[in-house]
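Q: when you get a sec, could you give me coordinates for this:
(2 chains)
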2 protein chains.
Amino acid sequence: MIERVCIVGAGVIGSLYAGHLAQVCDVSVLTRRREHAEALAAEGLHVSGRSDLHAKVTASADPAALPPCDLAIVATKATGVEAAATALEGHFPGATVMTVQNGLGAEAIVRRHGDWPLISGVTFMSGTRHDDTHVEYILDTETWLGPYDRVAFERVQEAADLLVAAGLKAEALPDLRPAQWSKLIFNATVNAVAALTGLPHDAHFAALEQPSDLGHLVRDLVDEGKAVAAAAGIELHDDPWEMNVLATRRGSAHYPSMLEDVEAHRPTEIELITGSLVREGERLGVPVPLHTALYRLIKAKEAAWGEQGTSEPSERRQQ
Amino acid sequence: MIERVCIVGAGVIGSLYAGHLAQVCDVSVLTRRREHAEALAAEGLHVSGRSDLHAKVTASADPAALPPCDLAIVATKATGVEAAATALEGHFPGATVMTVQNGLGAEAIVRRHGDWPLISGVTFMSGTRHDDTHVEYILDTETWLGPYDRVAFERVQEAADLLVAAGLKAEALPDLRPAQWSKLIFNATVNAVAALTGLPHDAHFAALEQPSDLGHLVRDLVDEGKAVAAAAGIELHDDPWEMNVLATRRGSAHYPSMLEDVEAHRPTEIELITGSLVREGERLGVPVPLHTALYRLIKAKEAAWGEQGTSEPSERRQQ
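A: Down below sits the predicted model:
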């Protein structure tokens, strides 16, 4: 029985899990910032939007200060997994740990820090963070779970059932990789293109009328990803091009997180999303020149922020 | 003898030509905006930086109001050539017309509007526009000229000599295409990468140490361009990769005009630079997948500006 859950990382996704799960079990939250934990402990957590919830949670930036748990959900961004797993090391010996990051490789990072049973997850939920104690639930889409290693499928099913009992959409799959790869290819494509163009995920991503239309690039990127998946022996759960077309037909355009990161000049998840795909392509001998190009462009974009302000207006010239 | 020159378009490059040439011959300036012509007629033109000049010029937004000329230099951006050539149509019957745009195809646009002898030019000069009557001269690099059609090489030489007499660097070449293509490949690569990454033309463009380094992409883009040039029978005047490496070693980093355009949300020259290269690749059966990808990304970036403000903050979500 899963009766106590610890949510590691209280960003948008972590807060959505914490707020909902607190309705059906004891929830503790491990935060990175101490002020964040203090605010959650004092005010609780408010979820608006698709749900309207107020949750009481135990919170701390120190895992030793939290009660034991049966399930720990690492809900940080992909860029935060290493730090989160380091913080977890030596704690929660009885827990099953679940990852839900974009890209590939989060489970392996966690594994290097402990021998917990591991569940792989991917989530399509989205929301908007308003402040440390308030998150708005926007897309009430699914979380898919599958066994990574040292875990029985029954445990995975139990975790999925708990999410469903808490009012979320979830499904346990015997093998998560087909879904994980579908999302990987979709994200590597849509996030990088959005981050480079400044476009939210809108109709341009599916446009194929003119030779200059963006849909051609999106489809070529998806095709590169599918070739890597095929070489890895993965039969995709969903076709990423169809996911793209469907998503662009949803009323208002989704704002991919990598575009938000770029606009805020934050480090992006490029390394774990596109970087994973490029490295898998290399390992399997499948050429991925377009993903490699986007990977290098976004790495360079991140480098540009670090050096802003060094170029004086008088040095700005015309070519 | 070239005694009267008309400069068409008084942006940075046009103003640099006008300010210098006015020291050795009569200069008139055809502007797009009437206020610009009025300001130039009233205050003259000031060039600071590498030169310190004050020039008296005749200026108008109406070609019929300008005196006849022996040489007209179309110095607009590539995006302005069609409008400039339309304005020139039926005027200056005795003039030789010279183009100096980035990319390919400016001469053919001018040709559609008149049967003037045509000189092809490329310029590596750069500067900063301070206001309608003040431009700062930054890179005092060369202008190369060559015959396009209906013009004798002697006339090209005469135009180059005039530029040199005016204090500029210039050289007449029997065939400009090798230089034009070197600059085309260089610009298609450096401008597009700068516009997508936000980086000025700095050391990242030549970095080849890590697999994620931008120099690999830059080199692959240059190689695609060289394959197109080879198929077109062009022996390049300079190797664009070496131009890139040399330029990144110059003290302060150059700010490519396409990056400035992107930051100001102005239409870019992508269609005449990268677009030309992509179309030439297609015509000659040479694959240019990376330039095509950058072309689509920048076209999409331009599309994004047109639609800004339609996405409310509450619609911005996380994926």
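Q: for chain A, what spans make up the strands?
A: A:4-8, A:26-30, A:45-49, A:53-55, A:58-60, A:71-74, A:96-99, A:118-123, A:126-131, A:134-139, A:143-149, A:170-172 (DSSP state E).
Q: would JSON lines of those with mean pLDDT be doable?
A: Shown next, in JSON lines, are the strands of chain A (pLDDT from 0 to 100):
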{"stretch": "strand A:4-8", "mean pLDDT": "98"}
{"stretch": "strand A:26-30", "mean pLDDT": "98"}
{"stretch": "strand A:45-49", "mean pLDDT": "98"}
{"stretch": "strand A:53-55", "mean pLDDT": "97"}
{"stretch": "strand A:58-60", "mean pLDDT": "98"}
{"stretch": "strand A:71-74", "mean pLDDT": "98"}
{"stretch": "strand A:96-99", "mean pLDDT": "98"}
{"stretch": "strand A:118-123", "mean pLDDT": "97"}
{"stretch": "strand A:126-131", "mean pLDDT": "94"}
{"stretch": "strand A:134-139", "mean pLDDT": "95"}
{"stretch": "strand A:143-149", "mean pLDDT": "97"}
{"stretch": "strand A:170-172", "mean pLDDT": "98"}
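Q: for residue B:263, which of the ones you listed is the nearest?
A: Nearest to residue B:263, of all the strands of chain A, is strand A:126-131, at 27.0 Å by C-beta to C-beta. For every residue, glycine as well, the C-beta is placed using N, CA and C.
Q: can you list the strands that that closest one pairs with?
A: When sheet partners are counted by DSSP bridges, strand A:126-131 sits next to strand A:134-139 (antiparallel).
Q: residue A:203 - how many residues pack around it?
A: For residue A:203, the neighbour count with other C-beta atoms under 10 Å in any protein chain shown is 13.
Q: what's the nearest residue to it if we skip its chain neighbours?
A: residue A:248 (5.2 Å; C-beta to C-beta, 6 or more residues apart in numbering or on different chains).
Q: thought the one you found was touching residue A:208?
A: No: between residue A:248 and residue A:208 there is no contact under C-beta atoms under 8 Å: 11.9 Å.
Q: those two: which has the busier surroundings?
A: Applying other C-beta under 10 Å to residue A:248 and residue A:208 shows that residue A:248 carries more neighbours, namely 20 against 12.
Q: how far away is the more buried one from residue B:152?
A: Counting by C-beta to C-beta, to the nearest Å, the gap from residue A:248 to residue B:152 is 57 Å.
Q: show me which residues of the stretch 151-300 of chain A sit near chain B.
A: A:187, A:190-191, A:193, A:196-202, A:204, A:212-214, A:216-217, A:220, A:252-257, A:260, A:275, A:289-290, A:292-297, A:299-300 (C-beta under 8 Å from any C-beta of the partner chain).
Q: check contacts around residue A:39.
A: Going by C-beta atoms under 8 Å, 6 or more residues apart in numbering or on different chains, residue A:39 touches A:132, A:133.
Q: cutoff 10 Å now
A: Residue A:39 makes contact with A:10, A:31, A:33, A:45, A:59, A:131, A:132, A:133, according to C-beta atoms under 10 Å, 6 or more residues apart in numbering or on different chains.
Q: quick one on the thing from earlier: joint contacts of residue A:248 and residue A:208?
A: Common neighbours of residue A:248 and residue A:208 (C-beta under 10 Å, 6+ apart) are A:215, A:218.
Q: what stretches of chain A score poorly on pLDDT?
A: A:307-319 (pLDDT under 70).
Q: go again using 90 as the cut-off
A: Chain A contains residues with pLDDT under 90 at A:1, A:139, A:249-255, A:272, A:305-319.
Q: ranges for the helices of it?
A: A:12-21, A:34-43, A:81-88, A:106-111, A:153-165, A:177-197, A:214-231, A:240-249, A:257-263, A:274-284, A:289-306 (DSSP state H).
Q: quick one on the thing from earlier: now mean neighbour count too, for the strands of chain A, in a markdown table please.
A: Shown next, in a markdown table, are those (neighbours: other C-beta atoms under 10 Å in any protein chain shown):
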| stretch | mean neighbour count |
| --- | --- |
| strand A:4-8 | 26 |
| strand A:26-30 | 24 |
| strand A:45-49 | 21 |
| strand A:53-55 | 18 |
| strand A:58-60 | 21 |
| strand A:71-74 | 27 |
| strand A:96-99 | 27 |
| strand A:118-123 | 25 |
| strand A:126-131 | 18 |
| strand A:134-139 | 22 |
| strand A:143-149 | 22 |
| strand A:170-172 | 19 |
